[in-house]
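**Student:** fold the stuff below for me.
(one chain, ligands or ions: 1)
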Amino acid sequence: MTDELPEIGVGMLGYAFMGRAHSAAYRALSSAVWPPPLQPRLIAICGRDGAATADAARRYGFARSVGDWRELIADEGVGLLDNSGPNALHLEPTVAAAQAGKHVLCEKPLGRDAAESHAIWQGVAAGGVTHMCAFNYRFVPAVRLARQLIADGQLGELRHFRARYLQSWGLDRTLMTWRFERASAGSGALGDLGSHIIDLARYLVGEISAVSGTVRTFIGDRAGHAVDVDDAFQANVEFEGGATGMLEASRLCPGRLNHLALEINGSDGSIAFDLERLNELQVCRGDRSGFETVSVTGPGQPLAELWWPAGHVIGWEHTFVHELAHLLAAIRDRASVRPHGADLEDGYRAAEISDAIVRSADSGRREPVVYRAAE
Ligand code: SOE
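**Tutor:** Here you go, the predicted structure:
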């Protein structure tokens, strides 16, 4: 049966956290979705450290490892470039892949700032390929249920959105990685964590028209290196539809491990979600009934058809299986990944909102969000 399946060759850039998460999802995909939209064939994985990349190729199931991303572009068998590399390596390989006719998946944040993100989006769009920015939390069943409830009008007119994404790994002052260098990362918690909740704000509520933000670096020196990116941000946002929002992210919150939490209040109801309780959605229907806990598992729930009976919970890693299945179906159907997947314009829009938050923190004023025209 496998011989008859249409395939797509995958070239992976990066073998660390996201490279491993994406690779595991490619391997799990045909068990969750049968037949798969396209059968991923793991052709080559690219990394700077030759030994570590060769080890990753064996561990993740890639046919070979390479040291130069240009080899992925040159490989005729690669039909999809999965860019799970560091932010500074998002632009060139992603655009080169698209212009070589390869579909692209790029991790978030798309670029190091709005200008670079716009360049990636425009460069890829010119290639006429399917493109996606890996905002994987759109593929949490509970988030998808929230969007369905909103679309069905069960929350009524949306008035408030509040989201936070808090972690604690930045508390280790001896830790110095590319994520703390503007030249490599572009920003700190804002692009790394904030981009996720900015994207969810757009996905669940709608476009953001203006922001008022504060950005902070609390730990300015790590292992003798100056830190030039933010540890945390907070922002008030205004939605085009009239709702108000509050966003915050920080890497310095003791006790918070991967705490993405959001709440939406409408005229007729509310929802609340906590990533650390990924299979549940808190739902309030009507103004005095309090919240009920919905187990977003089993028949009739979003994405449940990929997995198990009700109550057999899934995990963070399964969001990547959902995301990749969606991408491969869009590639098969020569379609956009929107509305449920984020494409590179969505990646650019999240970056433009992040830049507006930085502008507001610098100016001390409320800043409008202004999008650059498509070239
Ligand atoms: C680190 O903050 C990180 O790995 C993010 O980069 C991911 O996007 C998030 O899903 C988990 O935390």
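**Student:** and for the residue of the stretch 51-200 of the chain found nearest the ligand, the neighbour number?
**Tutor:** Taking Cβ to the nearest ligand atom, the ligand has its nearest neighbour within the stretch 51-200 of the chain at Asp192, 4.7 Å off. From N, CA and C alone the C-beta is placed, and that goes for glycine too. Using other Cβ atoms under 10 Å, the number of residues around Asp192 comes to 22.
**Student:** can you give me the distance of it to Pro86?
**Tutor:** 11 Å (Cβ to Cβ, to the nearest Å).
**Student:** strands of the stretch 251-375 of the chain, start to end?
**Tutor:** Assigned by DSSP state E, counting those that start in this stretch, the strands in the stretch 251-375 of the chain fall at 259-266, 269-274, 280-285, 292-295, 367-368.
**Student:** let's have the ones you listed in CSV, adding mean neighbour count, distance to Val33 and mean pLDDT.
**Tutor:** What follows is the strands of the stretch 251-375 of the chain, written out as CSV (neighbours: other Cβ atoms under 10 Å; distance: least, Cβ to Cβ, whole Å; pLDDT from 0 to 100):
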stretch, mean neighbour count, distance to Val33, mean pLDDT
strand 259-266, 21, 25, 98
strand 269-274, 21, 24, 98
strand 280-285, 19, 23, 97
strand 292-295, 13, 22, 97
strand 367-368, 16, 42, 98
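**Student:** any idea which of the ones you listed gets closest to the ligand?
**Tutor:** If we rank these by Cβ to the nearest ligand atom, the stretch that ends up nearest is strand 259-266, at 7.9 Å.
**Student:** show me what the closest one is packed up against.
**Tutor:** Applying 3 or more Cβ pairs under 8 Å, 6 or more residues apart in numbering; DSSP states H and E, we find strand 259-266 packed against helix 141-151, strand 158-166, helix 195-204, strand 269-274.
**Student:** format the ones you listed as CSV; extra columns: distance to the ligand.
**Tutor:** What follows is these, written out as CSV (distance: least, Cβ to the nearest ligand atom, whole Å):
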stretch, distance to the ligand
helix 141-151, 13
strand 158-166, 8
helix 195-204, 6
strand 269-274, 14
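**Student:** which one, of those, ends up nearest to Trp178?
**Tutor:** With respect to Trp178, and counting by Cβ to Cβ, the nearest of those is helix 195-204 at 16.2 Å.
**Student:** in the next helix or strand after that closest one, which residues are buried?
**Tutor:** Sequence-wise, the next helix or strand downstream of helix 195-204 (DSSP states H and E) is strand 208-216. By neighbour count on 16 or more other Cβ atoms under 10 Å, the buried set for strand 208-216 is 208, 210-213, 215.
**Student:** name the residues that touch strand 208-216?
**Tutor:** Here strand 208-216 makes contact (Cβ atoms under 8 Å, 6 or more residues apart in numbering) with 190, 198, 201-202, 230-240, 245, 353, 356-358, 360-361, 365-369.
**Student:** let's see that with 7 Å instead.
**Tutor:** Strand 208-216 is contacted from outside by 190, 201-202, 230-240, 353, 356-358, 360-361, 366-369, using Cβ atoms under 7 Å, 6 or more residues apart in numbering.
**Student:** just the buried subset of those residues, please.
**Tutor:** 190, 201-202, 230-239, 353, 356-358, 360-361, 367, 369.
**Student:** where does the chain dip in pLDDT?
**Tutor:** 1-3 (pLDDT under 70).
**Student:** please enumerate the helices of it.
**Tutor:** Residue ranges of the helices in the chain, as given by DSSP state H, are 17-32, 50-60, 70-74, 91-99, 114-125, 141-151, 182-185, 189, 195-204, 318-332, 344-363.
**Student:** quick one, the last one and helix 114-125 angle?
**Tutor:** With axes from the mean of the first three to the mean of the last three Cα atoms, to 10 degrees as the basis, helix 344-363 and helix 114-125 are set at 170 degrees to each other.
**Student:** so which bits of helix 344-363 are buried?
**Tutor:** Of the residues in helix 344-363, 344-361 count as buried by neighbour count, 16+ other Cβ under 10 Å.
**Student:** and stretch 117-127, by the same measure?
**Tutor:** Judged by neighbour count using 16+ other Cβ under 10 Å, the buried positions of stretch 117-127 are 117-125, 127.
**Student:** let me know the closest of these to Gly220.
**Tutor:** Checking the buried residues of stretch 117-127 against Gly220 by Cβ to Cβ gives Ser117 as the nearest, at 26.4 Å.
**Student:** surely the closest one is in contact with Gly111?
**Tutor:** Yes: counting by Cβ atoms under 7 Å, Ser117 touches Gly111, with 3.5 Å between them.
**Student:** quick one: common contacting residues for these two?
**Tutor:** Between them, Ser117 and Gly111 share these contacting residues under Cβ under 7 Å, 6+ apart: Ala351.
**Student:** circling back to that earlier point, any chance of the strands of the stretch 251-375 of the chain in a markdown table, plus distance to Ala21?
**Tutor:** Shown next, in a markdown table, are the strands of the stretch 251-375 of the chain (distance: least, Cβ to Cβ, whole Å):
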| stretch | distance to Ala21 |
| --- | --- |
| strand 259-266 | 15 |
| strand 269-274 | 20 |
| strand 280-285 | 22 |
| strand 292-295 | 24 |
| strand 367-368 | 34 |
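**Student:** from Ala74, how far off is the spatially most central residue of the chain?
**Tutor:** Most central in the chain under Cα atoms, centre = their mean is Phe135, positioned 1.9 Å from the mean C-alpha point. Counting by Cβ to Cβ, the separation of Phe135 from Ala74 is 29 Å.
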